[in-house]
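Chemist: When you get a sec, could you give me coordinates for this:
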Amino acid sequence: MPTPPLTAIALDLDGRAITVAVRRSRRARRATLRIPTGGAPIVTAPVAMADAVIDGFVRGHTGWLADKLARQAPAVAFADGAVFPLRGEDHRIRHYPGRRGTVWLDVVEGERLFCVAGQERHLARRVSDGLKRMAREDLEEASVRHAATVGRKITSVRVRDTRSQWGSCTRTGALSYSWRLILAPAFVLDYVAAHEVAHLVEHNHSDRFWRLTEELAPRTPEARRWLKLHGPGLFAIGVSDTG
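Modeler: The predicted model follows:
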């Protein structure tokens, strides 16, 4: 029987077990190694590249992998006692299994809490659903407010778990955002909403577009710096640290 193609490479990086997924691409001209935000390492190689060559390429970059993984924000699973940022402020998840309801915010002895009722097996989903609901409310408010300023109409606002972009805008006025913006400070979320609404006027990234964005969100430069520095870490929140 022919040997099945290589699909993963197991590594031991200073005692930490790491699995590098192997992907073949007809468009690839050489092997490349990357670590998606909040994800595991992936090596992409040409279809015809030998398994041994791919394996050697990955093992030749273990130092790079170790350094990049060490810089990654630790994964934060949604569980009782876990701490994560909400609107830029740390909140601790507190589970109330005997209470009815879904989620609510509270402050106890100066500590901000994200409270979750119901059975433990539903806790992670309820936290995620609650955050998505809050994200939609905040983003819808900011989008409508900015759209009114520029005299444009929004047809819809959606939140998703996008990883390639924080927001998008169609020419018909449909806006879509990453729900993870609710984890960032309010001025960052406001900037992304202003950015997408500005596209209703300027369908490009021209100087006029950026001037309009800053008129809507004066803290645009600061927000862009924040996203560049802290944005990748938001994708490690709400996932399990599987190594």
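Chemist: right, and the helix or strand after the worst-scoring helix or strand of the chain on mean pLDDT?
Modeler: The weakest-scoring helix or strand in the chain, judged by mean pLDDT, DSSP states H and E, is helix 62-71 (a mean of 84). Remark: after helix 62-71, the chain's next helix or strand is strand 83-86, criterion DSSP states H and E.
Chemist: longest helix in this protein, by residue count?
Modeler: Ranked by residue count under DSSP state H, the longest helix found in the chain is helix 123-150.
Chemist: Give the pairing partners of the longest strand anywhere in the chain; include direction for each.
Modeler: As assigned by DSSP state E, the longest strand anywhere in the chain is strand 16-25. Strand 16-25 has its sheet partners listed here by DSSP bridges as strand 8-13 (antiparallel), strand 42-46 (parallel).
Chemist: Let me know which of those is the nearest to Glu222.
Modeler: strand 42-46 (32.3 Å; C-beta to C-beta). Bear in mind the C-beta positions are built from the backbone N, C-alpha and C, glycine included.
Chemist: Can you name the element that comes right after that closest one?
Modeler: Toward the C-terminus from strand 42-46 - assigned by DSSP H and E - lies helix 51-59.
Chemist: quick revisit: buried ones in the longest strand of the chain?
Modeler: Ile18, Val20, Val22, Arg24 (16 or more other C-beta atoms under 10 Å).
Chemist: just curious, which of these is nearest to Phe114?
Modeler: Using C-beta to C-beta, the buried residues of strand 16-25 come closest to Phe114 at Ile18, 31.1 Å.
Chemist: From what I see, that closest one and Leu69 are in contact.
Modeler: Yes - taking C-beta atoms under 8 Å as the definition, Ile18 is a contact partner of Leu69 at 7.0 Å.
Chemist: Now do the shared contacts for the two.
Modeler: Pro41 (C-beta atoms under 8 Å, 6 or more residues apart in numbering).
Chemist: Spatially nearest residue to Tyr96 (excluding sequence neighbours)?
Modeler: Spatial nearest neighbour of Tyr96, excluding adjacent residues (C-beta to C-beta, 6 or more residues apart in numbering): Ala117 at 5.0 Å.
Chemist: Check the gap between the one you found and Arg133 for me.
Modeler: 15 Å (C-beta to C-beta, to the nearest Å).
Chemist: do the same with Thr44
Modeler: From Thr44 over to Arg133 the distance is 36 Å, taken as C-beta to C-beta.
Chemist: any weak-confidence spans in this protein?
Modeler: 1-2, 37-38, 240-243 (pLDDT under 70).
Chemist: what domains does the record give for it?
Modeler: Per automatic domain parsing, the structural domains of the chain span 8-71, 83-234.
Chemist: So which of those is nearest Ala77?
Modeler: With C-beta to C-beta, the closest approach to Ala77 among the domains of the chain belongs to domain 83-234: 7.1 Å.
Chemist: Span of that closest one from start to end?
Modeler: One end of domain 83-234 to the other measures 13 Å (C-alpha to C-alpha, to the nearest Å).
Chemist: The closest residue to Ala236 other than its chain neighbours: how many residues sit nearby?
Modeler: Excluding the flanking residues, the one nearest Ala236 by C-beta to C-beta, 6+ apart is Ala73, at 4.3 Å. Residues lying near Ala73 (other C-beta atoms under 10 Å) number 14.
Chemist: Comparing the strands paired with strand 16-25, which comes out most buried?
Modeler: strand 42-46 (a mean of 19; mean count of other C-beta atoms under 10 Å).
Chemist: which residues touch His146?
Modeler: His146 is in contact with Ala193, Ala194, Val197, Ala198, Leu216, Ala217, counting by C-beta under 8 Å, 6+ apart.
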